[in-house]
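Engineer: what follows is a protein structure lacking sequence information:
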């Protein structure tokens, strides 16, 4: 399951009402970002040292909002590929998804020339977004990690 584009998108602007609601929610933004960063950091702790799992690094020039917790799986070192892990999570009613499909691999751009793209293609093939919503509990995270680790065949 991934986002795939077969036609050019549309400009969906927010209505005034939705903009007002969004503005009111800005008051809780620092708390939500802190929660997401805690969730990401806990995933790092739980999966620290597991061969074949790499977390996306935080840029040196800023601070991530940790909107998503993304990992890259090396199937040889981990013992399972990204899709095996994703499907195991799905079987337990845990939503996870591949990293975004690169633009050069989208059907809408199939006839366009591509320059580079190997890194994006590799990340799409091996990358997985773990559940990281602000309401995720420690028990939820434990379940995600246990399910993911159960797919290892090493």
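Structural biologist: That came in fine, so what should we check first? Everything numeric in this text was worked out from a predicted model, so none of it was measured.
Engineer: check which helices and strands the lengthiest helix in the chain sits against.
Structural biologist: Using DSSP state H, we find that the single longest helix of the chain is helix 29-47. Helix 29-47 is packed against strand 53-55, strand 69-73, helix 138-149, with contacts defined by 3 or more C-beta pairs under 8 Å, 6 or more residues apart in numbering; DSSP states H and E. The way it works is simple: take the backbone N, C-alpha and C, and place the C-beta from them, glycine included.
Engineer: list the buried ones in that helix?
Structural biologist: 32-33, 35-37, 39-40, 42-43, 46-47 (16 or more other C-beta atoms under 10 Å).
Engineer: using CSV, lay out the residues you listed together with pLDDT and distance to residue 63.
Structural biologist: Formatted as CSV, the buried residues of helix 29-47 follow (pLDDT from 0 to 100; distance: C-beta to C-beta, whole Å):
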residue, pLDDT, distance to residue 63
32, 93, 14
33, 95, 9
35, 96, 15
36, 96, 12
37, 96, 8
39, 97, 15
40, 97, 12
42, 98, 17
43, 98, 17
46, 98, 22
47, 98, 21
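Engineer: columns distance to residue 124 on top of those residues, output as JSON lines?
Structural biologist: Compiled in JSON lines, the buried residues of helix 29-47 are given as follows (distance: C-beta to C-beta, whole Å):
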{"residue": "32", "distance to residue 124": "27"}
{"residue": "33", "distance to residue 124": "26"}
{"residue": "35", "distance to residue 124": "27"}
{"residue": "36", "distance to residue 124": "22"}
{"residue": "37", "distance to residue 124": "25"}
{"residue": "39", "distance to residue 124": "23"}
{"residue": "40", "distance to residue 124": "20"}
{"residue": "42", "distance to residue 124": "25"}
{"residue": "43", "distance to residue 124": "20"}
{"residue": "46", "distance to residue 124": "24"}
{"residue": "47", "distance to residue 124": "21"}
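Engineer: for stretch 134-154, measure first residue to last.
Structural biologist: Chord length of stretch 134-154, first to last residue, is 33 Å (C-alpha to C-alpha, to the nearest Å).
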